[in-house]
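A.B. asks: I would like the atomic coordinates for the input below:
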Amino acid sequence: MNRAVVPADLDALVSAVGAALDGAGPPVAPVALLPRPGRADVPPGTALVLRTSGSTGEPREVVLSAAALRASGAATHERLGGPGHWLLTLPPTHVAGVQVVARAHAAGRGLTVAPPDEPFTPAGFAALVGRTPPAERRYVSLVPTQLHRLLAAADAGSDGGTAGLDALCGLDAVLLGGAATPPALLRRARAAGARVVTTYGMTETSGGCVYDGVPLAGVRVRLGARQEGTDAPGGTAGVVELAGPVLADGYLGDPDATGHAFRTDDDGTRWFRTSDLGRLDEPPDRPTLTVLGRADDVVVSGGVNVAPAAVEALVGEVDGVGEACVVGVPHPEWGQEVVAVVTTAGTTPLGPGHVAGDAVADAPAALVAAVRDRVADRLERAAAPRRVLVVAELPRRGPGKVDRAAVTRLAVGHLQVSPG
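C.D. replies: The predicted structure follows:
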């Protein structure tokens, strides 16, 4: 019988993860396993059992072996320039947070943990970095929301904001993942001196396995056909598939789901089929992956397929826009209407008056025109949002991921009372 343990607190989790990686302790489940028959026993060699966020339906429990986690940690440190001291600012119940714990254990250079009961603030982040050994290489994993808060506070000129940005720029690498990063936010951070590395991956790949579009050592990327059973794309977007030693063993107690997501080629290579669309760019000997968004997020408006991620990147470049989420809402003529839901950048309000709490406001006509022109100029007119709504914060799920379903509900609810 091989059963996962659920640590009582963060200190216990850190110790348990280290023991599991070394083969000296049982597998670890940061949260209690789902109460389903036959799900208590885990395969030999398992170090972690992590619950997915459930963005594609019912949550699943991913089985990660100690070998996969060790391979991920070694490849990460190789890419970053060597082992280092890690800072934990993310919840360890998700792969991004618990991987910081695992990498710190593998590196042997120490781990500095943010107080779990305190919210993330620029001043708190500066204090956290101040507790780390300056002689060591120092790494942190953040989500875009945290980076946005650090830059916004620095732009506002507060003491905590300046200290937070200084602390950020003093780190040897800032891994940024968990959600798509607005290009403008990334440019701003790098221009300020932050050594930001964008990461792409998921629980099934032991977290990030593609850094700045380039796979880690041992990881392979290919594009599959959007519809299984058809030919794979040639030079166009396709469904991202990943292979390598970082792959999970599968889903606990769910052989059907495991068999659908993980496939083995005739040559013995095992691949994980994601739910994301991507594009592989030149050069051929070192292609760079660009993730275009989830395959099932595509908005069909007037018969035209619109990829929300591409539109969000352009909307985020418009002056005054902080973050953007583009969704499709039902429309009697177009089938779906493209709607952008945005937050403000800095302290400048975009809507009429101050948007706070769960309030939703229509953006001024000038902003709507700027958004539409920017998108139409770079993509096509059908992709340009017909409505732009302003909120104080985008709804979230998991560690920093935008809850697209919740954003859609906000948009639909607002348009029902304010059809425009």
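A.B. asks: what's the burial count for Asp373?
C.D. replies: For Asp373, the neighbour count with other Cβ atoms under 10 Å is 12. In this view, the C-beta of every residue, glycine as well, is placed from N, C-alpha and C.
A.B. asks: no, scratch that, I was asking about Pro35
C.D. replies: Burial of Pro35 is recorded as 7 neighbouring residues (other Cβ under 10 Å).
A.B. asks: ditto for Gly124
C.D. replies: Gly124 is flanked by 17 other residues according to other Cβ under 10 Å.
A.B. asks: Going forward, the N-terminal residue is numbered 16.
C.D. replies: With the count now opening at 16, the last piece we talked about shows up as Gly139.
A.B. asks: Helix or strand next in line after the host helix or strand of it, which one?
C.D. replies: Secondary structure assignment for Gly139, by DSSP states H and E: helix 137-145. Beyond helix 137-145 on the C-terminal side, the first helix or strand identified by DSSP H and E is strand 153-157.
A.B. asks: How about residues contacting that following strand?
C.D. replies: 95, 99-102, 104-105, 111-112, 114-115, 118, 144, 147, 185-192, 214 (Cβ atoms under 8 Å, 6 or more residues apart in numbering).
A.B. asks: low-confidence ranges in the stretch 66-215 of the chain?
C.D. replies: 68-72 (pLDDT under 70).
A.B. asks: which residues of it fall in strands?
C.D. replies: Listed in chain order, the strands of the stretch 66-215 of the chain (DSSP state E, counting those that start in this stretch) span 76-80, 100-103, 126-128, 153-157, 188-191, 211-217.
A.B. asks: Show residues contacting the shortest one.
C.D. replies: By Cβ under 8 Å, 6+ apart, the list of residues contacting strand 126-128 from outside reads 25, 29, 100-103, 115-116, 119-120, 143, 146-147.
A.B. asks: run the last query once more with 10 Å
C.D. replies: For strand 126-128, the surrounding residues in contact (Cβ atoms under 10 Å, 6 or more residues apart in numbering) are 25-26, 29, 33, 100-104, 107, 115-116, 118-120, 143-148, 153, 155.
A.B. asks: Now that we have those, which of them are buried?
C.D. replies: Applying 16 or more other Cβ atoms under 10 Å to the contacts of strand 126-128, the neighbour count classes 25, 29, 33, 100-104, 107, 115-116, 118-120, 143-144, 147, 153, 155 as buried.
A.B. asks: Now stretch 339-357 - C-alpha only, CSV.
C.D. replies: What follows is stretch 339-357, C-alpha atoms only, in CSV (Å, rounded to 0.1, in the frame of the first residue of the first chain):
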residue,chain,number,x,y,z
ALA,A,339,-6.9,42.3,-20.5
CYS,A,340,-9.1,39.2,-20.9
VAL,A,341,-10.9,38.7,-24.2
VAL,A,342,-14.0,36.6,-24.3
GLY,A,343,-16.9,35.8,-26.6
VAL,A,344,-20.5,36.5,-25.5
PRO,A,345,-23.7,35.4,-27.3
HIS,A,346,-24.8,37.7,-30.1
PRO,A,347,-28.0,37.3,-32.2
GLU,A,348,-26.3,38.4,-35.5
TRP,A,349,-22.6,37.4,-35.1
GLY,A,350,-23.0,34.2,-33.0
GLN,A,351,-20.4,35.6,-30.6
GLU,A,352,-19.4,39.1,-29.9
VAL,A,353,-15.7,39.8,-29.0
VAL,A,354,-15.5,41.6,-25.7
ALA,A,355,-12.4,42.9,-23.9
VAL,A,356,-12.5,43.1,-20.1
VAL,A,357,-9.6,45.2,-18.8
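A.B. asks: Now do the buried residues in the helix or strand hosting Glu338.
C.D. replies: Take DSSP H and E as the rule and Glu338 turns out to sit in strand 336-346. Judged by neighbour count (16+ other Cβ under 10 Å), strand 336-346 contains these buried residues: 336-344.
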